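Novice: quick one, structure for this:
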Amino acid sequence: QHPDTLVAMNTLAKNLRTLNRLEEAHDLYMQAFKLTADIHGPEHPDTLMVMNNWAVCKRRMGDAWGAMEVYEYVLEVRERVLGPEHKDTLTTLGNMGACWEAVDCPAVGLPLHQQALEAAQRTLDSEDELLVMMANNLGNCYASQNPPQYEDAMQVFEQAAEMAQRVFPNHPNTQALLSNMEACRARMQAIPADA
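Specialist: Coordinates of the predicted model:
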């Protein structure tokens, strides 16, 4: 129950999630959550961080509704304790948007992504890595609307791409943004002129 052990558990679970060993990651997140909540309480930033990571894992495992329940709690506490425009609060807001997309409701996720990116642009350093991830998520959400909003997606992708390539040229989030931007461009070009 040493704090360093809890950090190590969360880091190991995150690494397992990255390796797509989701069941193992999920079990470790559950253990880390229980221990962290017992030591620090349910509203401590460390507890909320573990819960947020656990929800990401749940969503990747296909349990978007279960992830949504966790995100709702984390978002409510972070808004109250940290404020509505804190970086961690905005990350959770964007994660909730992604959950709505995962349950095939991108129209519900879109305003969450918009709110998260707009607040991040107001409050974070203009070269913060989180802006790249949030812009990528918003662009993807525009492209997943029915009908797709490719022009809006391209505008978001292109605005973020300049900064991302300049500041984080080799970062995975930059590579994902550029890949998604090219995929969006290809889908736009494939639309018949009379459509």
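Novice: out of the helices and strands in this structure, which is least certain?
Specialist: Lowest on mean pLDDT, DSSP states H and E among the helices and strands of the chain sits helix 3-18, with a mean of 88.
Novice: what comes into contact with it?
Specialist: For helix 3-18, the external contacting residues (CB atoms under 8 Å, 6 or more residues apart in numbering) are 22, 24-26, 28-29, 31-32, 35-36, 39, 46, 49-50, 53-54, 56-57, 60. For glycine as for every other residue, the C-beta is placed from the backbone atoms N, C-alpha and C.
Novice: now the helices for the chain?
Specialist: All helices of the chain, identified by DSSP state H, fall at 3-18, 22-40, 45-60, 64-81, 87-102, 106-123, 129-143, 150-167, 172-189.
Novice: can I get those helices in JSON lines with mean neighbour count?
Specialist: Listed next are the helices of the chain as JSON lines, based on neighbours: other CB atoms under 10 Å:
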{"stretch": "helix 3-18", "mean neighbour count": "15"}
{"stretch": "helix 22-40", "mean neighbour count": "18"}
{"stretch": "helix 45-60", "mean neighbour count": "22"}
{"stretch": "helix 64-81", "mean neighbour count": "18"}
{"stretch": "helix 87-102", "mean neighbour count": "22"}
{"stretch": "helix 106-123", "mean neighbour count": "18"}
{"stretch": "helix 129-143", "mean neighbour count": "24"}
{"stretch": "helix 150-167", "mean neighbour count": "18"}
{"stretch": "helix 172-189", "mean neighbour count": "16"}
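Novice: look up the pLDDT of residue 193 for me, please.
Specialist: Here, the pLDDT recorded for residue 193 equals 76.
Novice: so who does it touch?
Specialist: By CB under 8 Å, 6+ apart, residue 193 has no neighbours at all.
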